[in-house]
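Q: Sequence and predicted model, in that order:
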Amino acid sequence: MKYYLKRLMKNKLAVFGVIVILLFSSAAVCAPWIARHPPNKQHFEGLTLEGAPLPPNKTFWLGTDLLGRSLFSRLLYGARTSLIIGIAANGAAVLIGAFLGVIAGYVKGIVGAVIMRFTDLMMAFPALLLAIALAAIFQPSLWIVAMVIALVNWVQVARVIYGQTVSLTTHEYIEAVRGIGASWPRILFVHIVPHLWPTLLVWATLGIATTVLLEAMLSFLGVGVRPPTPSWGGIIYESQSYFLDAPWLVFFPGIAIMLLSLSFNLVGDALRDVLDPTQRGRE
Amino acid sequence: MKKKWKIGVLVVCGLLFLCASTAGAAGGIKQGGEMIVTYKDDISTLDPAIGYDWQNWSMIKSLFNGLMDYEAGTYNLEPDLAESVDISKDGITYTFKLRKGVKFHNGRELKADDIKYSIERAVDPATQSPGQGFFWSIKGFDDMVAGKVKELSGITVVDPTTIKFELTRPDATFLHVMAINFAFAVPREEVEKHGQDFGKNPCGTGAFKMTEWKLGQRVVFERNKDYYKEGLPRLDKVVFEVGQEPTVALLRLQRGEVDILGDGIPPARFLQVRNDPKHKDMIVEGGQLHTGYVSMNVKMKPFDNVKVRQAVNMAINKERVCKIINGRAVPANQPLPPAMPGYDKDYKGYPYDPAAAKKLLAEAGFADGFETELYANNTDPNPRIAQAIQMDLAEIGIKADIKTLAQSTVIAAGGEEDQAPMIWSGGMAWIADFPDPSNFYGPILGCGGAVKGGWNWAWYCNEELDKKAAEADAMSDPSMSDARIELWRSIFIKLMDDAPWAPIFNEQRFTMKAERLGGPDAIFVDPVHIPVHYEYVYAKDAQ
Amino acid sequence: MILRFLVKRISQAVVILVGVTVITFCLSFLMPADPVRMLAGRSATQATVESIRQQLGLDKPLPVQYAKYIARLVQGDMGRSYKQKTEVSELILSRLPATLLLLVGAIFFELFIGLPAGILAANRRGRGTDTWIMALSFAGVSMPQFVMGLILLYLFAHIIPVFPLGGYGTLMHLVLPALTLGITGGGWYSRMMRSSMVDVLQEDYIRTARAKGLSERAVILVHALRNAILPVIAMVGLDIGIFMAGAVVVESVFGWPGIGQLAWQAIQMVDIPVIMGVTLVAAIGIVLGNLLADLVMPFIDPRIYLN
């Protein structure tokens, strides 16, 4: 364990990623103490006389949005939305994908074939359209959005786990253990699943990069979390037609989304190098 | 003595009107030139029996005509394809004498048969016309809708230039219905030739004819040289370019590449454009027959208590909401918009008074407020407006959870008795089909609309007011029109005592046009031919 | 052998596409909105609504409706849009060129940015340049497309008005949206190119080429690239799929009249025939893209092929 950590720390980019994640997490947790204004309070002084938003100034550090709310506060609280949905959605996706992948890879036969055809089907389905349709059916809330994203994202995990499970079960040593008469739960949980941990861990991290982006995209299309819950993508969505006059409303949330997704990408990629050097990586 | 005076005035007015109209038609304004109008979305259909969105509504009016129409820039009815109309004393029979020499774009002359065919086509279930219901008062309507008969017994063609309508009872809105798009004349042979594609190959009697339609790119109208109105249309050609983002279109207008922004001024640039001295003369402002409101479902607790509804009316800061949309609307205090006959200028309505609102809530038993839901459509700026309203409600203790959903979903929820306690009508808000107060009542505030799938989202049903409304609509005699308007005014004011709605604002219309286009301001914000009355626009550089 | 492989994959594809239509059909009807109500408009009476429903065949049970749809589909009839009454196939065909054009532009920029970056990084493996290029690649793919698009619009269409502010028509209109996709997608290509190059550069025949005295440039650009490029081609295939799945966002930002926008509007209005049509076309795109990728794979790793 310590060995892996040491190797991880050697990777400069991964360190950067970890720092950013910690930064955002603490921002999310400590938001009530850092933010000067409540995120949902629409200030009368937050808009010009004609109703235009204010650029960054002394009272509102990052400016205001179209309802006179402090962008800085909304960014901080928005970190919660992005992190909660990102982690929950990806967690669910990994669980579903791993579950189906292992079963398909271990049981094989008809069950395995059906499951894999199903993943093929889901892969052929245009992901964003599926997400939009699902969001239209289940009126969005924080958890519904997370569920929708999970339903779109589990496919890749399933395929990878399937491939790994299949190759693991054909190992001679599994044949040997089976020969001794070990029961299938034992084989599964003691001999196979532990080898899947590295992959699962990598996906648990890398996947968050995607789910964060997906949440932003859904909010950007207007089918994300319910207002007035702050969401980085949602802020951009509300302000996009004004972006020529109020670019800060697009720039700051946009950079935040990028940094968060980037950091999970960097950490996940580094994890992949460290845990499983046989996979396509750097060296 | 008095009588002679009155006659004298009438004669002078008549002469002036005659001079004005002929001057308008021929005097000084030459025909010629072209105009480019931009739109973002593709035009859906130009079939008058089917087209029912704000984009194609006035385009269809330029391609087709009906028995009646409205004077340009006003709400005044005038005969169009009809030369004259005679209404029987009991208000049941309408006899129209048609103009002679009106030709369809394919060259054939219009006959009374065509009117009968066109209206029956709109009522025929096979056409799937959304306007079918407007013709309810014509005899034979119910049977035809049920599919029992193939024609309306109430329409009789007396001779090729005379057509008679028999109603089941007096209907004061009938002439308005004869002016609506669904009643426009279409030639049978063209409809049968194109079938379902008639909407893409429209053929009518209108001032313009459609000569080109490239899906996703543009639609071109060219002047109908045989148009029966002298001197109209003034332009030779109108090109509708679609797929133009409003912000891009604005830039092109400022550079002189296009002439009219069909989608209006993009909200984000509104302030900037309005304050820019170079461009502010290009903007024309006018009223619309529009009211944005919050409906409260009287069948769901606690909105069954009138005090709660009144409290909501007093809690919302309408000035602030108008500010959030950069002043593109004016606060409203009653269901009817200012431009609608029947609007009460002196009505004070419910003032913005959060303290009084809180007191009312306490009287109703909700001193600590309550939780509820506010539905809104998820296109900008409606989520923002909903959030502004949410904050105002929170001030008096009402915690409203916002549900921003696709338009179709909100509409579906409103049509259910027990789903949506409050709905912000923005983006789906009521714009009148024709300039008559009855159009603001029936489907959205009358008992008839308070059914599953209906548009009366407040589920408000007041039998007494319904009776009065029916009474008002039976006053079809033109001499009673003032009394009728007065009755409608009182109906809506009485309705506000029950406050099933909290009227928020009336959106103004802002049309931005190029300097080179001429014509009275009124036609650029025409209340009926939205956004622009294409027939009356002329090109200054063609003069 | 290739023919048998193709036949097998195509028959699989057909089954998958049928599955897609079933799922889309179910989803469309699960949406809590009534397409007939939307069509009929506000002033329609209950009778009008019911008659329209009957005309459209929406009063029949779902399996019957589905069967009818498939029956017409195999004859090439995708039905008519509820809202526009135009044939769905006509609507899609009028917008498909725009989407395809964007696809080509996007792939062009992705390769234009990603390939040289990847080759350079592979060449300077382990050094500063390598780290920077990889970091930038990651940054690119972590950037949401709509943010990138809005930033590019702001910088190059507003502040420095070189390009048009969105819209469609000329090559200039294509640059910014394609560049947006290029920057956010190029990162995958640079990483793939890099790792592929690294693998290839370790092969024996590269050492032989070097020993023969060929210039480094020739070694890399001619001998190594030829083999390293194969996974990239596979990736292009997958990319087509990803593109078809998510073009909505970029089309929305730039006002690009593609099928993504069509689908988005159709979902809002519950215009079921259009939803079915666009999803099917997108799925066909994805399947074709994957097929392309699969065809290239055997040349990269013969073991997969023989499996």
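A: It's in.

Q: Identify the residue of the stretch 301-450 of chain B closest to chain C, quick one.
A: Closest approach of the stretch 301-450 of chain B to chain C (C-beta to the nearest C-beta) occurs at B:S408, with a separation of 3.5 Å. For the C-beta atoms, the positions are set from N, CA and C on the backbone; glycine is no exception.

Q: and that residue, what is it in contact with?
A: Contacts for B:S408 (C-beta atoms under 8 Å, 6 or more residues apart in numbering or on different chains) come out as C:M31, C:A33, C:D34, C:P35, C:R37, C:M38, C:Q268, C:M269, C:V270.

Q: List, one by one, the residues from the stretch 51-200 of chain C near chain A.
A: C:131, C:134-135, C:138-139, C:141-147, C:150-151, C:153-154, C:158, C:195 (C-beta under 8 Å from any C-beta of the partner chain).

Q: and with 10 Å instead?
A: C:125-126, C:130-132, C:134-135, C:137-151, C:153-155, C:157-159, C:165, C:184, C:187, C:191-192, C:194-196, C:198-199 (C-beta under 10 Å from any C-beta of the partner chain).

Q: circling back: name the helix or strand for the residue of the stretch 301-450 of chain B closest to chain C, please.
A: Assigned by DSSP states H and E, B:S408 belongs to helix B:407-414.

Q: Which is the succeeding secondary structure element to that helix?
A: Following helix B:407-414 in sequence, per DSSP H and E, is strand B:422-424.

Q: returning to that earlier point: how far off centre is the helix holding B:S408?
A: Counting by C-alpha atoms, centre = their mean, to the nearest Å, helix B:407-414 is centred 21 Å from the centre of its parent chain.

Q: For it, the averaged confidence score.
A: For helix B:407-414, mean pLDDT is 88.

Q: Also stretch A:70-88?
A: On average, stretch A:70-88 scores 93.

Q: can you put the contacts of B:S408 in TSV and add pLDDT?
A: Below are the contacts of B:S408 laid out as TSV (pLDDT from 0 to 100):
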residue	pLDDT
C:M31	82
C:A33	81
C:D34	82
C:P35	83
C:R37	81
C:M38	79
C:Q268	79
C:M269	79
C:V270	83
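
Q: So which of those residues reach chain A?
A: Counting by C-beta under 10 Å from any C-beta, the members of these near chain A are C:M31, C:A33, C:Q268, C:V270.

Q: who wins for neighbours among the residues you listed?
A: C:V270 (27 neighbours; other C-beta atoms under 10 Å in any protein chain shown).

Q: which ones are touching that residue?
A: Contacts for C:V270 (C-beta atoms under 10 Å, 6 or more residues apart in numbering or on different chains) come out as A:136, B:406-409, B:412, C:28-29, C:31-39, C:82-83.

Q: From C:R37, how far out is it?
A: 9 Å (C-beta to C-beta, to the nearest Å).

Q: Tell me, how many residues neighbour B:D541?
A: When neighbours are counted by other C-beta under 10 Å, B:D541 comes out with 11.

Q: count of residues packed around the closest residue to it other than its chain neighbours?
A: Closest residue to B:D541 apart from its sequence neighbours, by C-beta to C-beta, 6 or more residues apart in numbering or on different chains: B:R516 at 5.5 Å. The local packing of B:R516 (other C-beta under 10 Å) involves 14 other residues.

Q: What pLDDT does the model give the closest residue to chain A within chain C?
A: Chain A sits closest to C:V147 of chain C, with a gap of 3.3 Å, by C-beta to the nearest C-beta. You'll see C:V147 listed with a pLDDT of 91.

Q: Do you know the pLDDT at the spatially closest residue to B:Q254 that is not a sequence neighbour?
A: For B:Q254, ignoring the flanking residues on the chain, the nearest one in space by C-beta to C-beta, 6+ apart is B:H279 at 6.6 Å. Per-residue confidence at B:H279 stands at 82 (pLDDT).

Q: for B:H279, phi and psi?
A: phi -110, psi -10 (degrees, to the nearest 10).

Q: Kindly tell me how buried it is, as a neighbour count.
A: Neighbours around B:H279, by other C-beta under 10 Å: 18.

Q: Let's verify whichever residue of the stretch 401-543 of chain B sits closest to chain A: helix, strand, or coil?
A: At 5.1 Å from chain A, B:I402 is the closest residue in the stretch 401-543 of chain B, using C-beta to the nearest C-beta. Under DSSP: H, G, I helix; E, B strand; the rest coil, B:I402 falls in the strand class.

Q: next one: B:S476
A: coil.

Q: tally of neighbours for it?
A: 23.

Q: got the residues of the stretch 101-250 of chain B near chain A?
A: Neighbours of chain A within the stretch 101-250 of chain B, by C-beta under 10 Å from any C-beta: B:E245, B:P246, B:T247.

Q: Can you flag which of those residues belong to helices?
A: Assignment to helices by DSSP state H places the following of those there: B:P246, B:T247.

Q: Would you mind trimming the residues of the stretch 101-250 of chain B next to chain A to those in range of chain C?
A: Near chain C, by the rule C-beta under 10 Å from any C-beta, you find B:E245, B:P246, B:T247 out of these.

Q: so what's C:T170 up against?
A: So C:T170 contacts C:P164 (C-beta under 10 Å, 6+ apart).

Q: Any quick PyMOL command for the buried ones out of the contacts of C:V270?
A: Buried residues within the contacts of C:V270, by 16 or more other C-beta atoms under 10 Å in any protein chain shown, are selected in PyMOL with:
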select buried, (chain A and resi 136) or (chain B and resi 406+407+408+409+412) or (chain C and resi 28+31+32+33+34+35+36+37+38+39+82+83)
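
Q: longest single helix anywhere in chain C?
A: Under DSSP H, chain C gives helix C:88-123 as its longest helix.

Q: Determine the next helix or strand in the C-terminal direction from that helix.
A: That would be, after helix C:88-123 and using DSSP H and E, helix C:128-142.

Q: Enumerate the positions of that following helix that are buried.
A: C:D130, C:I133, C:M134, C:A135, C:L136, C:S137, C:F138, C:A139, C:G140, C:V141, C:S142.

Q: how about the helix or strand following that helix, does it reach chain B?
A: Toward the C-terminus, helix C:128-142 is succeeded by helix C:145-153 as the next helix or strand (DSSP H and E). Yes: using C-beta under 10 Å from any C-beta, helix C:145-153 comes into contact with chain B via C:L153.

Q: Tell me where the model's unsure across chain B.
A: Residue ranges of chain B with pLDDT under 70: B:1-28, B:429-430.

Q: Likewise for chain C?
A: C:299-307.

Q: Which residues are in contact with the residue most central in space within it?
A: For chain C, C:F243 is the residue whose C-alpha lies nearest the centre (C-alpha atoms, centre = their mean; 1.8 Å). Neighbouring residues of C:F243 by C-beta under 10 Å, 6+ apart: A:126, C:99-100, C:102-103, C:106-107, C:110, C:181, C:185, C:250, C:260, C:282, C:285-286, C:289.
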